[in-house]
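S.K.: Sequence first, predicted coordinates after that:
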Number of protein chains: 2
Amino acid sequence: MCVRLKAIVSYDGSGFSGYQVQPGKRTVQLELERVLGVMHKGESIKVVASGRTDAGVHATGQVIHFDSSLTLPMERWRTALNVQLPGDIRILVVEQVRDDFHARYDATGKTYRYIWSLNEVQSPFERNYSVHVDRNKPNVELMREATVHLLGTHDFSSFCASNTSVKDFVRTIHSVKFEVKKESNQLHMVINGNGFLYNMVRIIAGTLWEIAIGKKSVEEMRTIVDSCDRKRAGKTAPPHGLYLENVEYF
Amino acid sequence: MCVRLKAIVSYDGSGFSGYQVQPGKRTVQLELERVLGVMHKGESIKVVASGRTDAGVHATGQVIHFDSSLTLPMERWRTALNVQLPGDIRILVVEQVRDDFHARYDATGKTYRYIWSLNEVQSPFERNYSVHVDRNKPNVELMREATVHLLGTHDFSSFCASNTSVKDFVRTIHSVKFEVKKESNQLHMVINGNGFLYNMVRIIAGTLWEIAIGKKSVEEMRTIVDSCDRKRAGKTAPPHGLYLENVEYF
């Protein structure tokens, strides 16, 4: 008998060429399918994720599903996977779901986190896990004000990388929050929405950063959204500051 | 004219075969001397540290000194070094010191930090930066009680790796503190003394851990110290939980 399993996965994106399988590259999907293949005595097990992440992007709450005919008690699954996976991928939760659960199509929302390090000298321990922006003190209040123009349902073409096959650019952003971390001297942006276009969070982060340092005005954010023109928005912020934190399902 | 410079250095030990130069290995000293060599147009610049650290051990406050005949304004030194150093080494502070300052011989005290991760599943982001000990909940109160036998001046032969050339095993420990970090679910030990023998902090950490999980009693710590016998103490705790945090000078 075959069951469908859902797992929550955390990975350090530093050592991967992104999530999705690519010929000759080390990817998260490759490692997951390799370990499942071993567990299933060579049978090829297809893993479906809520979405791909780019090279260098991290996850603390990626969601995957796969089917298995193994007779393994549910509480043993997590350890069975973790003992075989490399240390930069950890399975946090495994549970059985209904047979038609789909990690990608059933996702109703996602939360991403973006981290800037404001330290004068970036700590070596942060270098792969936050984006260093020492020369400019950000005005977080301006970032907060600018998010007003992002909230709600919009055509987000201006915040989508050009190399996409997507036809529908309309998405809904529910919240954008900022956390100033005193101890580590970091700025975190936490963004939640019903879905995100390719590079959308990184382009939003890059644009908000330009507003934070006075390179763009708060009002410009409205013009950028309305223009539906990628060239109007700011630079795509680097991948290693980005974390896929949570995927929501009904 | 030649000046002596003191620098505070932070490094992520994960990618290094320790601090000290070894043939054919990537070490922190090698990288520092390589960059100084480039800055001095090929002149060989010898770097002296407060002490070496083993492979995998980190530093947030290692101290070095070196001599330079470069005419570079003092405030430009830090950036000049950091732009050429790899990202896993960062210079935090550079200052001119008297010509006979010695990073090793003048050190009057050191502080080390040891980090245990108590998470059920270790986060991929912690794997090189803390030691994972999920199966046992430590009794931190027992650890605190046991440190009474370590404080003060003792012959610490029991806590010294056998492969050492040191003759005098007497050291003074000023304080051992424990911090329970709720958010990250980590236990930190912060230990300060006038000097530490080879592997001394890691053997202390390993012994205190065995007390914390009931494998050794609090009273046994006294016997271990008195015995001057390495075989009585606990296992050497792994290197990647250890940080050289501060070096004191008069």
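M.R.: That came through fine. Numbers count the residues shown, from 1 in each chain, chains lettered A, B, ... in the order given.

S.K.: Helix or strand: which one has A:Glu220?
M.R.: Using DSSP states H and E, A:Glu220 falls within helix A:218-227.

S.K.: how about that helix as CSV, C-alpha atoms only?
M.R.: The C-alpha coordinates for helix A:218-227 follow below in CSV (Å, rounded to 0.1, in the frame of the first residue of the first chain):
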residue,chain,number,x,y,z
VAL,A,218,8.2,56.3,-0.5
GLU,A,219,5.7,57.6,-3.1
GLU,A,220,7.8,56.0,-5.9
MET,A,221,6.7,52.6,-4.6
ARG,A,222,3.2,53.3,-5.8
THR,A,223,4.4,54.4,-9.3
ILE,A,224,6.6,51.2,-9.5
VAL,A,225,3.6,48.9,-8.7
ASP,A,226,1.4,50.8,-11.2
SER,A,227,3.9,50.8,-14.0
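
S.K.: Would you mind pulling the contact partners of it?
M.R.: Helix A:218-227 is contacted by residues A:142, A:145-150, A:154-156, A:158, A:207-208, A:211, A:232-233 when judged by Cβ atoms under 8 Å, 6 or more residues apart in numbering or on different chains. (C-beta placed from N, C-alpha, C; glycine too.)

S.K.: In strands, which of these fall?
M.R.: Members of the contacts of helix A:218-227 lying in strands (criterion: DSSP state E): A:154-155.

S.K.: which of the contacts of helix A:218-227 sit farthest apart?
M.R.: The span of the contacts of helix A:218-227, defined through Cβ to Cβ, is set by A:Leu142 and A:Asp155 at 24.0 Å.

S.K.: circling back: now the buried members of the contacts of helix A:218-227.
M.R.: A:142, A:146-147, A:149-150, A:154, A:156, A:158, A:207-208, A:211, A:232-233 (16 or more other Cβ atoms under 10 Å in any protein chain shown).

S.K.: which among the residues you listed gets closest to chain B?
M.R.: Closest to chain B out of the buried ones among the contacts of helix A:218-227 is A:Leu208 (24.0 Å), distances taken as Cβ to the nearest Cβ.

S.K.: Run a quick check on that closest one versus A:Ile191, I expect a contact.
M.R.: No. Judged on Cβ atoms under 8 Å, A:Leu208 makes no contact with A:Ile191 at a distance of 9.7 Å.

S.K.: Backbone dihedrals for the nearest residue in space to A:Ser117 that is not next to it in sequence, both of them.
M.R.: Leaving aside its sequence neighbours, A:Ser117 sits nearest to A:Ser130 (Cβ to Cβ, 6 or more residues apart in numbering or on different chains; 4.0 Å). A:Ser130 adopts backbone torsions of phi -160, psi 160, taken as degrees, to the nearest 10.

S.K.: can you count the residues close to A:Ser130?
M.R.: 27 (other Cβ atoms under 10 Å in any protein chain shown).

S.K.: List the contacts of it.
M.R.: A:115-117, A:122, A:186, A:240-241.

S.K.: Just give me the least confident of those residues.
M.R.: Ranked by pLDDT, the contacts of A:Ser130 bottom out at A:Gln122 (91).

S.K.: what's the distance between the closest residue to it other than its chain neighbours and A:Val121?
M.R.: Spatial nearest neighbour of A:Gln122, excluding adjacent residues (Cβ to Cβ, 6+ apart): A:His132 at 3.9 Å. Distance, A:His132 to A:Val121, using Cβ to Cβ, to the nearest Å: 9 Å.

S.K.: With A:His65 instead?
M.R.: Counting by Cβ to Cβ - A:His65 and A:Val121 are separated by 43 Å.

S.K.: Mind listing what's buried along the helix holding A:Glu220?
M.R.: A:218, A:220-221, A:224-225.

S.K.: anything in stretch A:57-69 near chain B?
M.R.: Yes. With Cβ under 8 Å from any Cβ of the partner chain as the criterion, chain B is reached by stretch A:57-69 at A:58, A:60.

S.K.: starting at the chain centroid, how far to that stretch?
M.R.: 12 Å (Cα atoms, centre = their mean, to the nearest Å).

S.K.: still on that earlier bit, out of A:His132 and A:Val121, which sits in the busier spot?
M.R.: Comparing A:His132 with A:Val121 by other Cβ under 10 Å, the one with more neighbours is A:His132, at 19 against 16.

S.K.: hey, what's that one bridged with?
M.R.: A:Ser117 (DSSP bridges).

S.K.: Show the contacting residues for it.
M.R.: A:116-117, A:119, A:122, A:126.

S.K.: Tell me the one of those nearest A:Lys41?
M.R.: Of the contacts of A:His132, the one sitting nearest to A:Lys41 (Cβ to Cβ) turns out to be A:Glu126, at 41.9 Å.

S.K.: quick one: pLDDT of that closest one?
M.R.: 94.

S.K.: leaving aside the residues next to it on the chain, what's closest to A:Tyr112?
M.R.: Residue nearest to A:Tyr112 in three dimensions, not counting chain neighbours: A:Val201, with 4.6 Å by Cβ to Cβ, 6+ apart.

S.K.: Show me what the helix or strand containing the one you found is packed up against.
M.R.: Taking DSSP H and E as the definition, A:Val201 sits inside helix A:200-212. If you count contacts as 3 or more Cβ pairs under 8 Å, 6 or more residues apart in numbering or on different chains; DSSP states H and E, helix A:200-212 packs onto strand A:107-117, helix A:140-147, strand A:186-193, helix A:218-227, strand A:242-249.

S.K.: For A:Val94, give the beta-bridge partners.
M.R.: A:Ala7.

S.K.: So it versus A:Pro238, what's the distance?
M.R.: 32 Å.

S.K.: Counting neighbours, go ahead and name the busier of these two.
M.R.: A:Val94 (21 against 16).

S.K.: confidence score at A:Ala161?
M.R.: Listed pLDDT for A:Ala161 reads 89.

S.K.: now swap in the one 4 residues further on and tell me
M.R.: According to the model's per-residue confidence, A:Ser165 sits at a pLDDT of 80.

S.K.: Put the alpha carbons of stretch A:50-67 into CSV.
M.R.: Only the C-alpha atoms of stretch A:50-67 are listed here, as CSV (Å, rounded to 0.1, in the frame of the first residue of the first chain):
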residue,chain,number,x,y,z
SER,A,50,5.9,23.9,-2.6
GLY,A,51,8.1,25.7,-5.0
ARG,A,52,11.8,26.0,-5.9
THR,A,53,14.3,28.2,-4.2
ASP,A,54,17.3,29.7,-6.0
ALA,A,55,21.0,29.0,-5.3
GLY,A,56,22.0,30.4,-1.9
VAL,A,57,18.5,30.9,-0.7
HIS,A,58,17.7,29.1,2.6
ALA,A,59,14.6,27.4,4.0
THR,A,60,13.4,26.9,7.5
GLY,A,61,10.0,25.7,6.5
GLN,A,62,10.0,24.3,2.9
VAL,A,63,7.2,21.7,2.4
ILE,A,64,7.5,18.6,0.2
HIS,A,65,5.4,15.6,-0.5
PHE,A,66,6.2,12.1,-1.8
ASP,A,67,4.6,8.7,-2.0
